[in-house]
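> structure for this input, please:
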Amino acid sequence: MYYKFSKSAKAIIILNVVLCLVIGIMHSYNVHRLNESNEIIYNYMEENNVIKETAIRLLEKDGVELFVGKEFTTYFGVLVSFLSLILLYVYGKHNGFIVGFFAAFFCVFTSLIGGMLLFYIMFSGKSETTQYRQVTSIKNEWEKFIHNKSSNN
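As a prediction, this is how the structure comes out:
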């Protein structure tokens, strides 16, 4: 992990990694359930020579529990969780703002709390320890004026 991160930033990044892993595993299990349901539906379609919608309706009428209608959210969840993990890894390694912003953005889709915490830590200025922060040097009166105007707001 990047050595300049504060303890709270490290904790939030680790929390997001754990949340992304847990949610990614849940979505992966749902992909497995989708594949099983589709296999049951296609076997029923072949046996009874009916279309897919009729097979689903008849199977549900017979009491078979199918996992259908959630394909988009399941595949989207797997994709976003995987992408969030990659971006969190890169952000944790290099501390780049753009990568951190996109990591927080995709973490919002994975887990709202984790993504919002990551946005908070990035924009609050508490992501780096104070001993490593760069101090800006003010060279002339114009820069001093601009610095005072921006820091007072």
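> continuing past the helix ranked longest in the chain, what's the next helix or strand?
When the chain is parsed with DSSP state H, its longest helix is helix 7-48. The helix or strand immediately downstream of helix 7-48 is helix 52-61, counting by DSSP states H and E.
> what angle separates that following helix from helix 7-48?
100 degrees (axes from the mean of the first three to the mean of the last three CA atoms, to 10 degrees).
> list of residues touching helix 52-61?
40-41, 44-45, 48, 50, 66, 68 (CB atoms under 8 Å, 6 or more residues apart in numbering). Heads up, the C-betas are built off the backbone N, CA and C, glycines and all.
> I'd like the distance between residue 90 and residue 83.
As defined by CB to CB, to the nearest Å, residue 90 lies at a distance of 11 Å from residue 83.
> any residues in contact with both of the two?
Counting by CB under 8 Å, 6+ apart, residue 90 and residue 83 have no contacts in common.
> tell me which residue is most central in the chain.
residue 107 (2.7 Å; CA atoms, centre = their mean).
> show me the contacts for that one.
Contacts for residue 107 (CB under 8 Å, 6+ apart) come out as 16, 19-20, 84, 88, 114-115, 118.
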